[in-house]
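Undergrad: okay, here's the prediction I keep looking at, along with the sequence it came from:
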Amino acid sequence: MPGLQRKNLSRISLFSGSALAMAFSLLAVIVLLIWWQQLISKNLETQYRFFASEATGESVSDGLRRLIEDQDPKLATQIFSEQASNALVPNAKQVIEERLRNRHKMVHYEQAFFTILLLSGHLFFLYIYFRERLRRRQTEETILLATHELRQPLQSLSLALETVAPKARGQSLKAIESGLRDIGRLGDHIRYLARAFAPGGNKTGVAEITNLRDFVQNLIDKEFEKADQKRVRIAVEGVSQIRLALSTESLSFLLRNLTENALKYASDNVEISGKIAAQNLLITIENTGAAIPAADFKKIGSIFYRPAAAGVQNTTGFGLGLYLCGRIARNAKGRLLFQNDAAGRTAANLLLRCL
């Protein structure tokens, strides 16, 4: 499909993952280098021991002379006499043994040089990896602290709005109801952030779904207003009696956020489809709207990121939904693949492991 862009939102940091892969690759190269140099040393030992065993007389055969000249021209100039073509110098055997020791030294020096060089590269990539891990951990600790600080003021604000709501009328009541919905959504995001970053917060649980179509329909009826419910088309048939490697609450969060995101930017309806493929559940949420620019598409799923386009910035949101969806999918050993093409067709493909 022309103009198709893909991004796996459930993948770990490409930068840190690549650094770790390079570190282990260099370590593997070091092991192969040592093995190869040991093999060369054994071959040299066999070769020169054979030359020494044959260089016991005053001369050698034409075949052996040509072999020595092909394998080691420098050795040939040292052991063959200039007076006769195949005649050996008196100390030819000692010269060959000395040449073997020198060749061994050269092999060991080369091995040491390349090992130190590759090991330096290995340590450099490990440094990059652990620095990235430390930076990410510091970011997560900051977010975790922020979530604890935000809970109390959000609860207070929600309580204040609920107290005022019975006395409000018209536009004021609508504004309060909208504010309460946003506070509820933000509260869910904060709760999932705290769970994602807290120690032991990656436990996934198990979701038992009797009928996926009914599950999705109940979610849409419960979480979305009438106008949005009419824009959602559910194309899920024959997916029943499944167990997934994440909690029912997490599955609801994933579907609600992905559907909400699709509804925000869709020019028409949103379609939710689902099927079982190779012992995995594949849920696809599609919509058609404005195509996402490549520069913005690369940053989709980054925490707190929202595209700079005016239409997106004027749409309510926190820049957390897709990030949390990707993290939840990854914790459940699943995948969340986001696709966008030049025609404006956008699809979120959620792949979850069935138990």
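TA: Structure's in. What do you need?

Undergrad: which helix or strand contains the closest residue to Arg231 other than its chain neighbours?
TA: For Arg231, ignoring the flanking residues on the chain, the nearest one in space by C-beta to C-beta, 6 or more residues apart in numbering is Asn269 at 4.9 Å. Yep, even glycine has a C-beta here, placed from its N, CA and C like the rest. Asn269 is part of strand 266-277, with elements assigned from DSSP states H and E.

Undergrad: outside of that strand, which residues touch it?
TA: Surrounding strand 266-277, the residues in contact under the criterion C-beta atoms under 8 Å, 6 or more residues apart in numbering are 212-213, 216, 231-236, 238-239, 242, 255, 259, 262-263, 281-290, 344, 354.

Undergrad: given it, what are its sheet partners and their directions?
TA: Within its sheet, strand 266-277 is paired with strand 232-236 (parallel), strand 280-289 (antiparallel), according to DSSP bridges.

Undergrad: what about the residue nearest to Arg231, how many neighbours?
TA: Counted by other C-beta atoms under 10 Å, the residues lying close to Asn269 total 14.

Undergrad: distance check, it against Asp228.
TA: For Asn269, the distance to Asp228 under the criterion C-beta to C-beta, to the nearest Å works out to 10 Å.

Undergrad: what packs against the lengthiest helix in the chain?
TA: Assignment by DSSP state H gives helix 92-164 as the longest helix of the chain. Of the remaining helices and strands, those touching helix 92-164 by 3 or more C-beta pairs under 8 Å, 6 or more residues apart in numbering; DSSP states H and E are helix 14-54, helix 73-79, helix 170-197.

Undergrad: run the angle between that helix and helix 170-197 for me.
TA: Our comparison of helix 92-164 with helix 170-197, counting by axes from the mean of the first three to the mean of the last three C-alpha atoms, to 10 degrees, yields an angle of 150 degrees.

Undergrad: what count of nearby residues applies to Lys167?
TA: Residues within reach of Lys167, counting by other C-beta under 10 Å, total 9.

Undergrad: over to it: give its phi and psi.
TA: Dihedral pair for Lys167: phi -90, psi -10, per degrees, to the nearest 10.

Undergrad: which of the three states applies to Ile300?
TA: State at Ile300, reduced to three classes by DSSP: H, G, I helix; E, B strand; the rest coil: coil.

Undergrad: Three-state assignment for the residue of the chain positioned farthest from its centre, please.
TA: When each C-alpha in the chain is compared with the mean C-alpha position (C-alpha atoms, centre = their mean), Gln83 comes out farthest, at 70.0 Å. Assigned with three-state DSSP, Gln83 falls in the coil class.

Undergrad: got a list of what Ala165 touches?
TA: Contacts for Ala165 were tallied using C-beta under 8 Å, 6+ apart; they are 173, 176-177, 180.

Undergrad: let's see it at 6 Å
TA: Under the criterion of C-beta atoms under 6 Å, 6 or more residues apart in numbering, the contact partners of Ala165 comprise Ile176.

Undergrad: mind listing what the nearest residue to Ile40 once chain neighbours are set aside touches?
TA: Among residues not flanking Ile40 along the chain, Val107 sits closest, at 5.6 Å (C-beta to C-beta, 6+ apart). Val107 makes contacts with 37, 40-41, as judged by C-beta under 6 Å, 6+ apart.
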